[in-house]
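# coords please:
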Amino acid sequence: MKKSLHTQTRQIANRLARIEGHVAAIRSMVLEDRPCPDVLTQLAAVGAALDQVGRLVLSDHLAHCVVDAARRGDARRTLADLEAALERYFR
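Coordinates of the predicted model:
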């Protein structure tokens, strides 16, 4: 198994687990017919939490994968892959 260059894997996984719990709670709110403004507030919170995870993944990728690729002389391809991923992310 290849050793990961990422240092934030555990933190990212923990944040995603919290988001899963939050989404489950929102589902319960919907099933309980809770007020729409309350549901929307919680949906906005989940969206913000996902954005934070995205920034953490990007930061970790830049600090480790891109730097490592530059050291190996493979920065051009890595940057092209990053650009494509960012285009998909920001659609």
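# pLDDT value on L86, please?
Per-residue pLDDT puts L86 at 89.
# which one is it nearest to, not counting chain neighbours?
L58 (7.8 Å; Cβ to Cβ, 6 or more residues apart in numbering). C-beta here means a position set from N, CA and C on the backbone, and glycine is covered the same way.
# name the element that neighbour belongs to?
helix 36-60 (DSSP states H and E).
# what does the average pLDDT come to for the next helix or strand after that helix?
Using DSSP H and E, the helix or strand that directly follows helix 36-60 along the chain is helix 67-72. Across helix 67-72, pLDDT averages out at 84.
# and helix 67-72, which residues are buried?
Across helix 67-72, burial judged by 16 or more other Cβ atoms under 10 Å covers A69.
# Likewise for stretch 58-66?
Result for stretch 58-66 [16+ other Cβ under 10 Å]: buried residues 60-61, 65-66.
# distance of the residue nearest to L86 from Q42?
For L58, the distance to Q42 (Cβ to Cβ, to the nearest Å) stands at 25 Å.
# cool, R27 as well?
Applying Cβ to Cβ to R27 and Q42 gives a distance of 10 Å.
# Looking at these two, which is more packed in?
Q42 (17 against 11; other Cβ atoms under 10 Å).
# Enumerate every residue touching the more buried one.
22, 25-26, 29 (Cβ atoms under 8 Å, 6 or more residues apart in numbering).
# Good, we can wrap up now.
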